[in-house]
Each structure stands twice: as C-alpha cells, then as structure tokens.
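In: next one to model:
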Amino acid sequence: MSISQLEADGIPLLFLPDDGDDCTGGIAFRVGWADETLAVRGLTHLVGHLALSLLNPTELHHHLETHAAHTVFRTRGTAEHVVQVLSDVCGLLRDLPHDRVEGEKAVLAAESRTMYGGGGSLQRVRYGAAGYGLSSYPELGVADLTPDLASLWVQEAFTRGNAVAWFSGPELPATLDLALGEGRRQPPPETTSLTDTPAWYLAPDSAAVLVTGIVPRSRGARVFAEVLDRLATRRLRDDLGYCYQAGAQYAVRDATSATVVLRAEARPERAAAVAGEILDLLAELRWGPPDADLVGAAAADVRTETADLLRVPAGLADVARDLLLGVPGAVTGALELVDEPVSPDDVRVLAETYWGQALAQLPAGDLEWAGWHPAPVQSAHAATGRVIQPHDPSLSDVLVVGAEAVTRRTRSSVTTVVFRDVACMLAFTDGGRWLIGTDGIEVHVEPTLHAVDAGLVADIDAAVDRARVVRRPARHPGDLPGPRPAATGRAEASPAPQDRLGGLLRRLRGG
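Out: A predicted model of the protein is given here:
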C-alpha cells in the first residue's frame, strides 16, 4: 500500500488505506515554539489547548503535540470519531473560544510545575534565547497571554495554507470538514546559531556528557547516528563501564538538516575520561572509514525502521511534517529513501561534518586540549554608566546600568544584556528585573542584593521594549535573594503610548 495525496477544503490530505480495527487522522500546522519570542513562549501550546477544549480533558495530550517547527493534532478511533475530532479542531480554530483562555492558561501553568524546556542548556548555548533555543526555557509568556494574542496567532499560522491533514482507514470518509481561514505557508523559523565550533562549555550541575552536532538530513545521517549509538554503548558502557547509559539519537531539525545527540550518563569521577573517549571514538570515525559490517548492520536496521514507519498510519504525521517544511518529494520520494545506499566512507564524511558542528556540555574539565573552542557563555563587552554596589560589602559583584545595556560584573565574569536585544524581561512587582538577551545571557537586577532604587528600576523599564516584558507578582520573602535591605524600591513604568495591534504583533514576531 502507498500514500495518496488528495485535498480537502483546500488543504493537502494524505490518505493511507489500512484494514486495522481503528482509523487514525490528524492535521498539522507549520508553526511551533521556535516561531515564538521568549516573551510569548507557550502561545502555540495555548492555541492547541483551546482547539481541543471540546474534547475530554483526560484525552488532551493524546491528541496534541507542539514541536519546534510544527504542531500536530491527532486522534484514533472509529471513522466517525476521527471526522468529529478534526471537525471540532478546525471549528474552534475558526472561532477561538476566548472564554476558555484563562482556564487553559491555568492548565499550562500547572503543567509547567512538572515540565521544563526539553532542550537543556545545549540549545540555549547553540541558538540563544530565540528560535530553536527556546526549548531551553519554560513557557514564560503564558501568564500574560491574552485572547487577542491567541487570535492573532491563529490568523497568522493556523490557516488552510499552512496545514496538512491525513487519514488512514479502510476508506476515506465521504465528508471531512477541514474548513479554516485563509493564510499562507509560514517560512522556517528564524534562528541564529553558534558558528565558532567545535565548542564546549561547563555545566557542573549535570552528570551527563552531551555532544550535539548538525548534519544534513539523509538516510546516511540516520545510519551515522545508529553507528555512533552502537559504538558509544559498546565502549563507554559495556567495555569500560564508565557509564550506566550511553548512546546517540537522530532528530529532524528542518527541511535540510538534523541534529545528532550523543549522551553519556557518567559517574562524576569518570566525566573527563568519558569526554576523552567520546573524542577518540569520533576521531576513529573521521579517520576511518568505519567497519563495513558495522555500517551494514546499522543501515539494515535504519532501512527496516524507515520502511515500517512509512507503511503504517503513524508515519503519516512525519510525511505531513515534511510537506510543511518544504522537503522535496516528501510524499513520492519518502519510500525511495529506504533504499538509498550508505557506504562506510559516507559515514566517515558525516562524522567529519558532525565534528565540525559539534557543541559539548561537560560536567567538569575542558576540551581545549583537543582544539575545541570555549563557547561564549560570558559577554565580550560591559556597559558604561551608573555603578550599583551590593548591600553586602563582602560581595565582589556590581551592577553597571547604562543608557544602552546593563552589566553584572564579578571577579571572574562579565555578563551584559543590551536593552535593544532583550528577548524577555521578567518584571516582578517586588522590584526585581530579570533580563534575558537574545544571545541567552541573563542579568538579574535584585533590590535585595544591590542598592537599586525605584528610579533605576523605572529607567530599566523605560529602556526595554514593552512587548518583551512579562509581568510577575511579588515573590514570597523566602524566595528573594538575600541579604534584604531595609527598604525595597518598587516601580512600574508608565505605559508608553503605542498602537495596540502593532504592540501585539511585536510580541509575536519580535519586529
């Protein structure tokens, strides 16, 4: 059986005949959290919840998936059930239930207490606080999201021109209501990436050695990841016993590239040795070619996995994603990739590409001995302006607040956020201001730590684009960093006059 590409209500529709007991169906949109700004992080997730608000809440996460560059609604059951769910989703996207916004925000807030961004600090260091780097952050913007913001996001991205649907069952339903508003296919998420690679940085709070690399999307890259997985498991866990878990995974990033993540859960005393073994392993692959039998076995497994996925309903979501991303031949060429030959030399070339794009997270030590660069986790420049001393004279750090930037300077580090490059500023009513730059660097201005007065807080508020500000209530006294001064300045900058719609759009797109 093969996938047919049809159309329903102006939306591409993939159909895969299947004689199983259940039908499956879904609709995907080319929008995800990598299209958001940090100040509205969680907006796509909120729209997804609203579009499923007529369904049983206990089934919600069986139906919604929010990814970096696409969002998926899917369901399984009788043909009538699948048709009804897809109709309900599209109906609510046509007429978003504004009265449910606050309730769904509360649900997202409850989820955020148990979930955090899935990318860890690796994504932040590679991409900053924008695009794919937003996976390193929680959904900071949810508390300030409004019905108007949600509706604007739907009008821009949850449209017929930005959707692909699918259905699998004995036959295609006679009626399938997928009517949506007009719109265009959204371009790929805008993002910048670390260029001075291979690079490394320290994450002493983590026990894992992590290495990520960007490679071209191909069957060869999947085989490379499988080879890397087998070698890491064999050497680091089975032969040396340095790790209780080690392996590599392949994940699609966009139409042309993928990310391969190598993870080794190391015992603390073995972290440096694990990092050295990983570099040795990569060097062997680069200088290879690797063992032909190993590559052949990995290629066979990838071939079987790919062929199986593309011939079952679950694979339709991946084909829909690739259509949305603009992958050439996403439907007709998908099965052809199964038989794309991969040689040991192909794996060697991919290992070299991976090495050149690599970023490593280390619990301890460094990789400068191997010619890797330290990732820029500090700032190259400091602000000039008013110097704010700490309340505790024994502390070495000072704040410097200028007209264009704010800097926190210690004996060992300098971190600066330029006001025009703020991705998000958390503004607490107790006077605290947490500024996060688009490069991922943060500076926290805390009246309980430094001699910050109300006038200085007002100056910072005036310098930051209000579209990048997320308001937060006062924190519990026990949660404030100490020591606490006798009096704490509190300030709220007066709203600058601005066009309401323009301000909403700037929150969405960073314009």
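
In: all strands for the stretch 251-400 of the chain, in order.
Out: Taking DSSP state E, counting those that start in this stretch as the criterion, the stretch 251-400 of the chain contains strands spanning 257-266, 359-362, 373-374, 386-388, 398-401.

In: need those strands in a markdown table (columns: mean neighbour count).
Out: All C-beta atoms are positioned from the backbone trio N, CA, C, and that covers glycine. Shown next, in a markdown table, are the strands of the stretch 251-400 of the chain (neighbours: other C-beta atoms under 10 Å):
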| stretch | mean neighbour count |
| --- | --- |
| strand 257-266 | 22 |
| strand 359-362 | 23 |
| strand 373-374 | 14 |
| strand 386-388 | 16 |
| strand 398-401 | 20 |
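
In: now distance to A317 too, for the ones you listed, in CSV please.
Out: Shown next, in CSV, are these (distance: least, C-beta to C-beta, whole Å):
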stretch, distance to A317
strand 257-266, 17
strand 359-362, 29
strand 373-374, 38
strand 386-388, 52
strand 398-401, 48
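
In: and A203, which of the ones you listed is closest to it?
Out: A203 lies closest, by C-beta to C-beta, to one member of the strands of the stretch 251-400 of the chain: strand 359-362, at 4.8 Å.

In: elements contacting that closest one?
Out: With contacts taken as 3 or more C-beta pairs under 8 Å, 6 or more residues apart in numbering; DSSP states H and E, strand 359-362 sits against helix 120-127, strand 199-202, strand 208-216, helix 271-287.

In: what are the C-alpha coordinates of that strand, in CSV please?
Out: Provided in CSV are the C-alpha atoms of strand 359-362 (Å, rounded to 0.1, in the frame of the first residue of the first chain):
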residue,chain,number,x,y,z
LEU,A,359,28.9,21.5,20.8
ALA,A,360,29.7,19.6,24.0
GLN,A,361,28.4,20.0,27.6
LEU,A,362,30.8,18.9,30.2
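
In: make 774 the starting number, not 1.
Out: All right, first residue 774 from here; so that's strand 1132-1135.

In: paired strands for that strand, with orientation please.
Out: strand 972-975 (parallel), strand 981-989 (antiparallel) (DSSP bridges).

In: contacts for it?
Out: For strand 1132-1135, contacts defined as C-beta atoms under 8 Å, 6 or more residues apart in numbering pick out 893-895, 898-899, 967, 970-976, 979, 981-986, 1044, 1048, 1051, 1140, 1145, 1148.

In: centre of the chain to that strand, how far?
Out: 18 Å (C-alpha atoms, centre = their mean, to the nearest Å).

In: mean confidence (pLDDT) on that strand, please.
Out: Model confidence over strand 1132-1135, given as mean pLDDT, is 95.

In: in the chain, where's the longest helix?
Out: helix 1065-1083 (DSSP state H).

In: okay, buried residues for that one please.
Out: L1067, V1068, A1071, A1072, V1075, R1076, T1079, A1080, L1082, L1083 (16 or more other C-beta atoms under 10 Å).

In: so what's G986 up against?
Out: Contact analysis of G986 by C-beta under 8 Å, 6+ apart lists T1032, V1033, T1126, Y1127, W1128, G1129, Q1130, A1131, L1132.

In: pLDDT score for R1182?
Out: 91.
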